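Undergrad: Let me see the structure of the following:
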Amino acid sequence: MEELTLTTPTLLFSAVSLILLAYTNRFLSYAQLVRQLRDRYVENPSDITEAQIENLRKRLNLTRTMQGLGIASLFLCVVSMFLIYIGLQLFSAYVFGLALILLIASLGVSFREIQISTRSLEIYLGTMEKGKNKK
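TA: Sure, this is the predicted structure:
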């Protein structure tokens, strides 16, 4: 195995930072959507709104998981750099490998969340089509 240098874990910093920013933006849009769905449900409870709320709950849980995995990955990159700095090369390689695995897991959860988000949009489009057919 090739020896890690201090610059190796830093390569992930920009990628993980951008991913965490995207996850945070997603979370903020969900917060706004929760407020809108709540108001809509209070005014006019419907099965479609309930389905969207349930879908959003799943997406929020996945987003929390994505953020946690991304933060853990970034944390382990920093730990890996520290281990390199104090001369624990082999241990730093394992910690960095774990950071990569957590990042992969975060991206996998993100992919799943995108699939669920697509399903939510399909529900919404279905309501538009039903409204069009009634006219």
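Undergrad: For Arg26, what are phi and psi?
TA: As for Arg26, its main-chain torsions (degrees, to the nearest 10) stand at phi -60, psi -40.
Undergrad: got it, and Pro45?
TA: According to degrees, to the nearest 10, Pro45 has phi -60, psi 130.
Undergrad: helices or strands next to the lengthiest helix in the chain in the packing?
TA: Secondary structure of the chain per DSSP state H: the longest helix is helix 89-134. On a contact count with 3 or more CB pairs under 8 Å, 6 or more residues apart in numbering; DSSP states H and E, helix 89-134 meets helix 7-43, helix 47-85. The C-beta positions use only the backbone N, C-alpha and C, and glycine is treated the same way.
Undergrad: Export those helices to JSON lines and append columns for distance to Phe96 and mean pLDDT.
TA: Output for those, formatted as JSON lines (distance: least, CB to CB, whole Å; pLDDT from 0 to 100):
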{"stretch": "helix 7-43", "distance to Phe96": "5", "mean pLDDT": "85"}
{"stretch": "helix 47-85", "distance to Phe96": "4", "mean pLDDT": "89"}
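Undergrad: hey, which of these is tucked in deepest?
TA: helix 47-85 (a mean of 18; mean count of other CB atoms under 10 Å).
Undergrad: what separates that helix from the chain centre, distance-wise?
TA: 5 Å (CA atoms, centre = their mean, to the nearest Å).
Undergrad: Please apply the same query to stretch 38-57.
TA: Its chain's C-alpha centre and that of stretch 38-57 lie 23 Å apart, by CA atoms, centre = their mean.
Undergrad: In this structure Ile71 contacts Leu20, no?
TA: Yes. At 6.9 Å, Ile71 counts as touching Leu20 under the criterion of CB atoms under 8 Å.
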